[in-house]
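In: Predicted model, plus sequence, below.
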Amino acid sequence: MSGEVRFMQGNEACAEAAIRAGLSFFAGYPITPSTEIAESLADRLPRVGGTFIQMEDEIASMAAVIGASLTGAKAMTATSGPGFSLKQENIGYAALAEVPCVVVNVQRMGPSTGLPTSPAQGDVMQARWGTHGDHPIVVLSPFSVRETYDLTIWAFNISERLRVPVILLLDEIVAHMREKIIIPEEVSIEDRPSPTTPPGEYLPYAPLPGSDIPPMAAFGDGYRYHVTGLFHSESGAPIGKGEKAEQLLRRICQKVERRRAELVRTQVENCEDAELIVFSYGATARSALRASRNLRERGYRVGFAKTSVIWPFPAEALREIAAGAHTVLVPEMNLGQLVLEVERALLRQCQVLSYSRVDGEMITPGEIERRVLEVLS
Amino acid sequence: MSGEVRFMQGNEACAEAAIRAGLSFFAGYPITPSTEIAESLADRLPRVGGTFIQMEDEIASMAAVIGASLTGAKAMTATSGPGFSLKQENIGYAALAEVPCVVVNVQRMGPSTGLPTSPAQGDVMQARWGTHGDHPIVVLSPFSVRETYDLTIWAFNISERLRVPVILLLDEIVAHMREKIIIPEEVSIEDRPSPTTPPGEYLPYAPLPGSDIPPMAAFGDGYRYHVTGLFHSESGAPIGKGEKAEQLLRRICQKVERRRAELVRTQVENCEDAELIVFSYGATARSALRASRNLRERGYRVGFAKTSVIWPFPAEALREIAAGAHTVLVPEMNLGQLVLEVERALLRQCQVLSYSRVDGEMITPGEIERRVLEVLS
Amino acid sequence: MSEHIRGYLRDQALPHIWCAGCGHGTVLGCLLRAIQKAGLDQDKTVIVSGIGCSSRATGYMNFDTLHTTHGRALAFATGIKLARPELKVIVITGDGDAAAIGGNHLIHAARRNVGITTVCFNNYIYGMTSGQYSPSTPTGSLATTSPYGSIDIPFDLSRLVQAAGGAYVARATTYHVNLLINLIAEALRVDGFSFVEALSQCPTYFGRRNRRGTAVDMLTWFRDNSVNVKAVSKLPPEQLEGKIIVGELYRANLKEYTQAYRELVERAKGGVKR
Amino acid sequence: MSEHIRGYLRDQALPHIWCAGCGHGTVLGCLLRAIQKAGLDQDKTVIVSGIGCSSRATGYMNFDTLHTTHGRALAFATGIKLARPELKVIVITGDGDAAAIGGNHLIHAARRNVGITTVCFNNYIYGMTSGQYSPSTPTGSLATTSPYGSIDIPFDLSRLVQAAGGAYVARATTYHVNLLINLIAEALRVDGFSFVEALSQCPTYFGRRNRRGTAVDMLTWFRDNSVNVKAVSKLPPEQLEGKIIVGELYRANLKEYTQAYRELVERAKGGVKR
Amino acid sequence: MSYWQIRLAGEGGQGLILAGIILAEAAAIHEGKNAVQTQSYGPESRGGASKSEVIISDDEIDYPKVTVPDVLLVMTQVACDKYAKDIAQGGVLIVDAGLVKRLPDIDAKVVSSPITETAIACSGKAIVANIVALGLLVELTGIVSPGACEKAVLARVPAGTEQLNKKALEAGYALARYAVPDHREGGR
Amino acid sequence: MSYWQIRLAGEGGQGLILAGIILAEAAAIHEGKNAVQTQSYGPESRGGASKSEVIISDDEIDYPKVTVPDVLLVMTQVACDKYAKDIAQGGVLIVDAGLVKRLPDIDAKVVSSPITETAIACSGKAIVANIVALGLLVELTGIVSPGACEKAVLARVPAGTEQLNKKALEAGYALARYAVPDHREGGR
Amino acid sequence: MGYKFMKEMGVVAMPKKGKKIPKISVNRAWCKACGICIAFCPKKVLDPDDEHRPLPARPEDCSACRLCEFMCPDFAIEVDGGDGE
Amino acid sequence: MGYKFMKEMGVVAMPKKGKKIPKISVNRAWCKACGICIAFCPKKVLDPDDEHRPLPARPEDCSACRLCEFMCPDFAIEVDGGDGE
Ligand SMILES: Cc1ncc(C[n+]2csc(CCOP(=O)(O)OP(=O)(O)O)c2C)c(N)n1
Ligand SMILES: Cc1ncc(C[n+]2csc(CCOP(=O)(O)OP(=O)(O)O)c2C)c(N)n1
Ligand code: SF4
Ligand code: SF4
Ligand code: SF4
Ligand code: SF4
Ligand code: SF4
Ligand code: SF4
Ligand SMILES: [Mg+2]
Ligand SMILES: [Mg+2]
């Protein structure tokens, strides 16, 4: 692959990729270990004519991002656990009002202030369920600097195409690690669907025929439409309980559900004949990969699989990957979160085991190997 | 049972029971459909010498409740979806710092502002996973005014005994419905464990021998100890990553996990010989109960089960209840949330079906009956 | 003129949800007249509100309108203004929305002097949730959460905003419709953060519970208890006790935020760091 | 006296985490001396802080201490004070903690006049997160998030608090240790919300990036750029330009919130509604 | 009949929520029965349509909402048009004669009485129309005893208005005795 | 050897993070290898111990952290005491002779050089000690070529300090040539 | 976007005498009978009808000051023409 | 609760002449060598040692004003006695 060779941090890669994806607005509030994203963008965005603002808190940052997106800007915010908790109310707003936006959460050890500089993967379930009420959401989690770059661009594309908030779930390791990456020369960039009707006829929440996603006009372009966090009709006007309300909620949630197949992105190694598969995501997948390779070298039938998409969880894909295994081991830097989904996906076909570590250190290949050997013996 | 006969709203019953349980501090911020709890307590608390304060927002309310609890007060707040999202950061604080408190969330239709006056059960997963990082939590959900009274008292008892935040998850129907209740003459009230050592020797986060719960001194009683949302040692001092950190997190989460059996509270009817069980909670359980009775009358082998404890989810109990059934149907006023846990609990033993309604109306017995008949035919 | 404000309303959304005699409709009317007076381009004006009876106003306004979450209107509006500075951005908010849950965004928007005109519909109460006291409720008032009379000391909202920053602060009541129109129109002309506190009546909750009578009685009370800022210096302190000061309260000449940002972008593009 | 402040420190927690020359240790020392001076009962004094370098102070103080979430110290403290009004409650906060994320709680605690003494360690920067600009960073300053110079206009924190309410507002710097001790001691004696803005130096981030030199240089700058409030009236405006006014800035005689609440309880128990 | 479903419908300000609560309390507190009362809230908390539902039963009440009202009181034409068709076969529909002019064609007893008019006549105030209606309903249906109803009314109304409300209640009882059930058979 | 694990340890302010980055960039950008650099953050973001780790490999690097360093540079006694035992058998331990007095008894080449002293000698400033150390390390181990290293240094250091840093780098190379590997066998 | 204001327009006063008499229009569908226009009309032009909505009883006295229009919370009264303003 | 302040206590000045000379104690374990005490001592009593920590070089000049103690951010210098205060 050709392209500029760079050596950069995960957080930097995220910032660079965001600009590449078309980011023109960032609002944030500093918090370790996400701050380098804001710091990079404070430097970079003005140089490309974009807007960087440090808001008074995370709630305001999320709000500003939604406001900016409504004017047509591609907008992002970045935070870490405590700030991610604070953003939840407005993330739900973006989900219901179908405002594209990307929210980066660089995971550190929680709960609460926790261990602010230590890595964790403790916000996996929160990323799916953190705001009140049913809502659509897409959550991506990279395991390398290069994948951070790619998933950031994909996050924008998904967000724009589906008009859904996308959460980019980094962890402190991926965020602060520096790796070589080759900046791709070509990337495909998607934009939100634009209205095809003139202002007078525009219905902001009516999907085009054959689609489930309504086209989105920019504020200031003469469409004069209403956006609300109340349930609303196709015209955007508030509505009460009833069939229309149910239709709205089902439609916005189906936008993601229906695209489960498109939203699968897994990496699989040596799984065909594996009796045990180590399945992971984020930085932990790096250890899982090494552990599985080490064990293969030693002759064990161990496979490796990882997913880049956390939500919607790739249950179907995982069932296929693990079709021949008797055990799937899920190492995570939490007390066992994604393993809950793995269980639901696989309980009828094989044994699912959790391996968790919550001391603020990365899981090592060695400990995964030891656990696998215990299981296999 | 003897005792005063009252006719009251679920919200009122919650307020009354809280005072009965020893509530002496309430901080809140108005939001439909929870407001009557605050309004009742604004009237009632001063008369019993307790403190009511309306704070500037929900974040502050949650903070004030934790502060008050640290002085030895039994403290509570009440809110609804949007406010519950905002409280999440501080709920995590209470979980980590082990500060007893009760948080009432009267569920309305979300996401976002949603349908503010319509019932829903959409915050079930959020109640478990709403704050960042792994954390302990107990979530109760009543299905009648009487049960609201009982569970409110239990919520305080659990919270005090385990030093864990307890979420009382009402729904708009139970909250606003008025029913006859007989106020029990005797209720058992529990208090947080008190220190057994003098101030100089007190370690605020060292459980007593044989216990996993540290005794709790009140601020102002001369113990001069430190409370933080950082991971901390037994003395309360901040610590970094490592074994001690892991021990802390595991201990606080185990407090609840270990008591799963004590925290089972189910109601079961006609399940022994049932081929299909309707399993529910909250107001929906009222419809499920009626539907199952109607179907029994018509000769169908249908059973009813409900749980009052949502988290920790009573998987073991449910497996026993459903031992003979081929299907468990889970009606919920959401897009299928608790059914996810039911699936994990039962997937290896029977079929699990979700029945969801999200138009802001209560699920009727009739629709459950229709769905059951479809399944049975 | 009256012909014109019709075009500023979404007629299919009317009649509005506000109670009979609610002052919010009057404030909305004044705002629309001020928009007309200030000659704003309807396609380049965005109105943002929070949550509350007052904040429902955006639903009736034929502009790009954004009904956000409780208290956060100014933060959303800041995003809009910064992302597209050529737009005129107006925020509609209530006393609860702006000063209780939203107080921080209010003082920060003022501090930054971002070019947003905020009209706060201050009715001394949380109307939408049926009458709890707000940070502007006068001490001693009855509300559903102050059955023994509120012990809170209210904010002087205009004074608070002025201390936080901003370029323009003014106040009027629903009785002073012509003044209110003029003050809002002036606020719209100002380059920077402008704030108009529009005192409004909630006969349903604040009025009823505090025995303030009908909407007409409440307006009469506004009339009889207001003093124009121009007259303040001429009156002895006793006569100002408990009075509402109306008129333009403050004006400052500070650089508007998006203008400062534009200059920053020039510097950045030119490679200059400071 | 020095004997005494040792007992106010948790010696096993020291040396503290602050950088060499960080002003926060000086402010903490002044606070402890003021506590001693005001004669507070160590067992009946609770210290509450948010998150930030400054907020780590509670960990070193031999009292009941509460290190809360970012920005929320005053809200936690309000719960403590209301639940147990006989306790003396002190809040330690930073400029970011108090005025950025925590701005709303600050103005509301001031408005209610709840009996809490707040000491804000204002170092013009977010120290803990390595040097981003804060709402008190002077316009034009460099910070990691303002590489082209900050375009934000800072709050005058003391002025903001005063406009919000409260009973006492004062300011000093880490250069003015004796003054600072006296002002905090006075704040502790006040019955109601009191606020002391303690300007502090962050040589590591604010100082280094803005070429303010060493801690000694920064203290010298404080010395040379401060004017005592008592001298203000005697100086021509030019000489006040850009100066830090130190001393007692404001005092008001308002009923403290828990006192008002106590009276409310009496009314409620007596069955009187208003 | 030991299981009654009652719906009271009209508009905000008519006091129907309170009437429903009083009815339920008469049964629950003063007659030892079970009762549940629910009401519908509009999207806004005020104005507009108002609906109060009561179920009274000797047994435990599982499903708390009214599905097929045995008794329906309507105090606006809109409410009448909307809910009349829900009524149980052979149920009782009570309408305020002054407010509801178009009566539905349903299989139920229809009682049209000058409720508000009576309230004004007996007290000078329309505000006690809800209590008049309650008296009428209780007397017509016998759901609860007049004694229980009176106790429930007196326990709920503001101090100082007891006599006024007692008069209104009695006026309602009296109305019932003069009421002409307009009972028609027939399809819709 | 195509897989190098390198750890640089000392305290905040010594520039070891930067040295690690430069080393990694020399390999990744200028020699077409793969490289990953990680560092440890204390509970606070400043002061205290500092550790920078680099892995350089011809192949893809899966696990990004150093487990058994082939090369360990320590710039404080504390770091030496803490990490020396981790070193790979036959690895290289480089210590600043001025700062680390107690050498460990390990199965590795130990090179003790006056790094900081050299920095001061060649530039008058201790601040370039990290670049001196880098030169020393590169020259001793050959992980990357001196040319690649120089390019990487020049790309990272602040404008205007290129000459200074180049001199420091060369001083490091020179130090390597005089370094006396203190190689001892033996158990701990 | 259509405008249904006129649809339920209420009483319109007829010009009288030589003086240009303002046209006062009441939208009865939107008017909530709050009485504000009636109470604050400086010329006492408006009387309440039996539903408490305004009736322009003395349009000839109207100065077209439009206070009623500006104060009306419901966009339910409009004044056109006249010599005022 | 013990207090380890004295544990690593530094140089203590000895009384000289008839005048009561203040005792200046430096806790070298806590001192971070910021130089504040040295710079702001009005009597120039303190000199930096080779690690930039304060050395009470001229205790006899000390007025016991305790500015050094109050300004020290690290609780690392204490002044006792003397005629000052
Ligand atoms: C986060 C959140 N908290 C609380 C509410 C409930 N709520 C809706 S409006 C409102 C108060 C509105 O008061 P104000 O802004 O004064 O508007 P008014 O209704 O008086 O015009 C409240 C507390 C909410 N919607 N969201
Ligand atoms: C909700 C949340 N957002 C952000 C942070 C990250 N954070 C920690 S301290 C801090 C700023 C502290 O600044 P200040 O209060 O001025 O204290 P200082 O460190 O300067 O003394 C920030 C942004 C956090 N811990 N929690
Ligand atoms: S409740 Fe009050 S503020 Fe809300 S619409 Fe009615 S009168 Fe207006
Ligand atoms: S970073 Fe700044 S504020 Fe924080 S300890 Fe260091 S000098 Fe003090
Ligand atoms: S325009 Fe003026 S004078 Fe005419 S009716 Fe209206 S308020 Fe009265
Ligand atoms: S002011 Fe408007 S709403 Fe009120 S009575 Fe007059 S026309 Fe009707
Ligand atoms: S007490 Fe005063 S005079 Fe003595 S050393 Fe300290 S600062 Fe100098
Ligand atoms: S002020 Fe304190 S820390 Fe600084 S040099 Fe003096 S004794 Fe040491
Ligand atoms: Mg209001
Ligand atoms: Mg600061």
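Out: Cool, the structure landed. Ligands and ions are numbered 1, 2, ... in the order given.
In: now do the same end-to-end measure for stretch C:46-53.
Out: 19 Å (CA to CA, to the nearest Å).
In: Do any residues in it lie close to chain A?
Out: Yes: applying CB under 8 Å from any CB of the partner chain, one finds stretch C:46-53 touching chain A at C:46, C:48, C:51. C-beta here means a position set from N, CA and C on the backbone, and glycine is covered the same way.
In: Report the distance from the helix or strand containing residue A:75 to the chain centre.
Out: Residue A:75 belongs to strand A:74-79 when elements are defined using DSSP states H and E. When distances are taken as CA atoms, centre = their mean, to the nearest Å, strand A:74-79 is centred 12 Å away from the chain's centroid.
In: Phi, psi for residue 211 please.
Out: No chain in the question, so chain A it is. phi -120, psi 160 (degrees, to the nearest 10).
In: do residue A:353 as well
Out: Taking degrees, to the nearest 10 as the convention, residue A:353 sits at phi -120, psi 140.
In: and stretch C:249-265, does that touch chain D?
Out: Yes: using CB under 8 Å from any CB, stretch C:249-265 reaches chain D at C:254, C:257, C:260, C:261, C:263, C:264.
In: can you tell me which residues contact the first one?
Out: Okay, so that is residue C:254. By CB atoms under 8 Å, 6 or more residues apart in numbering or on different chains, the contact list for residue C:254 reads C:113, C:165, C:166, C:167, C:192, D:153.
In: Compute the number of surrounding residues for the third one.
Out: The one in question is residue C:166. A count of nearby residues for residue C:166, using other CB atoms under 10 Å in any protein chain shown, gives 28.
In: so which helix or strand takes in it?
Out: Taking DSSP H and E as the definition, one finds residue C:166 inside no helix or strand.
In: can you pull the contacts of it?
Out: Contacts of residue C:166 (CB under 8 Å, 6+ apart): C:109, C:110, C:111, C:113, C:192, C:193, C:194, C:195, C:250, C:252, C:254.
In: Looking at the residues you listed, which one is closest to ligand 10?
Out: residue C:111 (16.1 Å; CB to the ion).
In: those helices in the chain, which residues are they?
Out: Let's take chain A. A:10-21, A:35-47, A:58-70, A:81-97, A:124-129, A:145-162, A:172-176, A:243-257, A:284-297, A:315-321, A:338-346, A:365-376 (DSSP state H).
In: try again with chain C
Out: Going by DSSP H, chain C shows helices at C:2-7, C:24-38, C:73-83, C:95, C:103-112, C:157-164, C:177-189, C:208-209, C:215-224, C:229-232, C:237-240, C:257-269.
In: just these: most buried one?
Out: Per residue and on average, the most neighbours among the helices of chain C fall to helix C:73-83, with a mean of 32 (mean count of other CB atoms under 10 Å in any protein chain shown).
In: how about it against chain A, any contact?
Out: Yes: using CB under 8 Å from any CB, helix C:73-83 reaches chain A at C:75, C:76, C:77, C:78, C:79, C:80, C:82, C:83.
In: quick one, which of the helices of chain C is nearest to residue B:236?
Out: Nearest to residue B:236, of all the helices of chain C, is helix C:103-112, at 30.1 Å by CB to CB.
In: Who are the packing partners of the closest one?
Out: Using 3 or more CB pairs under 8 Å, 6 or more residues apart in numbering or on different chains; DSSP states H and E as the contact test, the elements touching helix C:103-112 are helix A:58-70, helix C:73-83, strand C:116-122, helix C:157-164, helix D:103-112.
In: rerun at 7 Å
Out: On a contact count with 3 or more CB pairs under 7 Å, 6 or more residues apart in numbering or on different chains; DSSP states H and E, helix C:103-112 meets helix C:73-83, helix C:157-164, helix D:103-112.
In: mind putting these in CSV, mean pLDDT included?
Out: Compiled in CSV, the helices and strands packed on helix C:103-112 are given as follows (pLDDT from 0 to 100):
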stretch, mean pLDDT
helix C:73-83, 98
helix C:157-164, 98
helix D:103-112, 98
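In: Of those helices, give the one that comes closest to ligand 1.
Out: helix C:73-83 (9.8 Å; CB to the nearest ligand atom).
In: Next to chain A, which bits of chain C? Give me the list.
Out: When proximity is defined as CB under 7 Å from any CB of the partner chain, chain C approaches chain A at C:13, C:43-44, C:46, C:58-59, C:62-69, C:72, C:75-80, C:82-84, C:87, C:104-105, C:108, C:261, C:264-265, C:268-269.
In: right, and residue A:77 touches residue A:65 too?
Out: Yes: at 4.8 Å, residue A:77 counts as touching residue A:65 under the criterion of CB atoms under 7 Å.
In: shared neighbours of those two, which are they?
Out: Residues touching both residue A:77 and residue A:65 (CB atoms under 7 Å, 6 or more residues apart in numbering or on different chains): residue A:27.
In: Spatially, what comes nearest to residue E:40 if we skip its sequence neighbours?
Out: Closest residue to residue E:40 apart from its sequence neighbours, by CB to CB, 6 or more residues apart in numbering or on different chains: residue E:51 at 4.4 Å.
In: now that neighbour, which residues is it bridged with?
Out: For residue E:51, the beta-bridge partners are residue E:9, residue E:40 (DSSP bridges).
In: Test my guess that it contacts residue E:11.
Out: No: Residue E:51 is beyond contact range of residue E:11, at 9.7 Å (criterion: CB under 7 Å).
In: The two - which one has more neighbours?
Out: The neighbour count for residue E:51 versus residue E:11, taken as other CB under 10 Å, is higher for residue E:51 (22 against 16).
In: still on that earlier bit, for ligand 5, which of the helices and strands packed on helix C:103-112 is the nearest?
Out: It's helix C:157-164; of these, that one is closest to ligand 5 (CB to the nearest ligand atom) at 28.6 Å.
In: what residues does that closest one touch?
Out: By CB under 7 Å, 6+ apart, helix C:157-164 touches C:99, C:106-107, C:110-111, C:120, C:122, C:136, C:169, C:171, C:195, C:197, C:249-250, D:107, D:155, D:159-160, D:162-164.
In: Say whether ligand 9 is contacted by it.
Out: No: remark: helix C:157-164 sits outside contact range of ligand 9, by CB under 5 Å from the ion, the gap being at least 11.3 Å.
In: Do me a favour and average the pLDDT over stretch E:37-55.
Out: Throughout stretch E:37-55, pLDDT has a mean value of 77.
In: dump the residue contacts of residue A:369.
Out: Residue A:369 sits next to A:291, A:294, A:295 when contact means CB under 7 Å, 6+ apart.
In: do residue A:105 as well
Out: Residue A:105 neighbours (CB under 7 Å, 6+ apart): A:79, A:80, A:84, A:123, A:127, A:167, A:169.
In: who wins for neighbours among those?
Out: Most neighbours among the contacts of residue A:105, by other CB under 10 Å: residue A:84, with 33 neighbours.
In: Chain E: helices as residue ranges?
Out: E:16-28, E:77-83, E:115-123, E:129-141, E:146-156, E:162-178.
In: what about these, which gets the closest to residue F:161?
Out: Among the helices of chain E, if distance is taken as CB to CB, the winner is helix E:16-28, at 78.8 Å.
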